[in-house]
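Asks: Sequence first, then the predicted structure:
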Amino acid sequence: MNKIIKLGTAVLFALFIAACNKADPAADYQKLVEWSLANQQSQVAFQQEYMEKLSSGDEKQIAEAMNALSARNAEVQKSLNTLDIKSAEIKQLKDKMQSVLTLTSELAKDGLALMNNASEEATKAIQAKTEKTTAATEELKKLQDEMAAKYGKKADQPK
């Protein structure tokens, strides 16, 4: 009888642990939405400054803007990495966000290199990377729309 009680207790404990570790996609999606909203205001301010520098026509300011974009994306990725996402479905969205940030940073670095050493080969490489980044961004938007329809608002949109 004592063995049955111990076995029953072990089974209940194992079920409790399994239930606690079960991924909740809606909760994970909410974490991603809240993270996005928390970062949105500073991102808007950064984007305005970035666009001003790019439109200035001054090569020094353009270079500063592209370097700042890479640094900003690294900060955002680091922050995004701190989110504890257990759901595979929501992790896919988080990973796609990471991928787009990486591609955008690479594109900025390549654009800066192109400014300093223009060639037909480099221009073609930038065009290919731009297409890849655009496609990844479209995939991200589609995934965000799907998750928003399934779990609530978009991860990059306020309520």
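Replies: Looks like it came in fine.

Asks: Which element, helix or strand, includes the residue nearest the centre of the chain?
Replies: By CA atoms, centre = their mean, the chain has its centre lying nearest to residue 97, at 2.5 Å. Per DSSP states H and E: residue 97 is located in helix 88-116.

Asks: Flag every buried residue along that helix.
Replies: If you call a residue buried by 16 or more other CB atoms under 10 Å, then helix 88-116 has these buried ones: 89-91, 93-94, 96-97, 100-101, 103-105, 107-108, 110-112. Using the backbone N, CA and C atoms, a C-beta is placed for each residue, glycine as well.

Asks: Following element in sequence after it, please.
Replies: Using DSSP H and E, the helix or strand that follows helix 88-116 in sequence is helix 120-151.

Asks: Which strands and helices lie in contact with that following helix?
Replies: Here helix 120-151 touches helix 25-55, helix 88-116, going by 3 or more CB pairs under 8 Å, 6 or more residues apart in numbering; DSSP states H and E.

Asks: How far does the longest one sit from its chain's centre?
Replies: If I follow you right, that is helix 25-55. Distance of helix 25-55 from the chain centroid (CA atoms, centre = their mean, to the nearest Å) equals 10 Å.

Asks: residues in contact with the nearest residue to residue 114 once chain neighbours are set aside?
Replies: Excluding its sequence neighbours, the residue lying closest to residue 114 (CB to CB, 6 or more residues apart in numbering) is residue 122, at 4.9 Å. Residues in contact with residue 122 (CB atoms under 8 Å, 6 or more residues apart in numbering) are 110, 113-114.

Asks: Distance check, residue 100 against residue 64.
Replies: 22 Å (CB to CB, to the nearest Å).

Asks: Residue 58 now?
Replies: 9 Å.

Asks: contacts for stretch 72-88?
Replies: Contacts for stretch 72-88 (CB under 8 Å, 6+ apart): 21, 23-25, 28-29, 31-32, 35, 39, 43, 46, 91, 94, 97-98, 101-102, 104-105.
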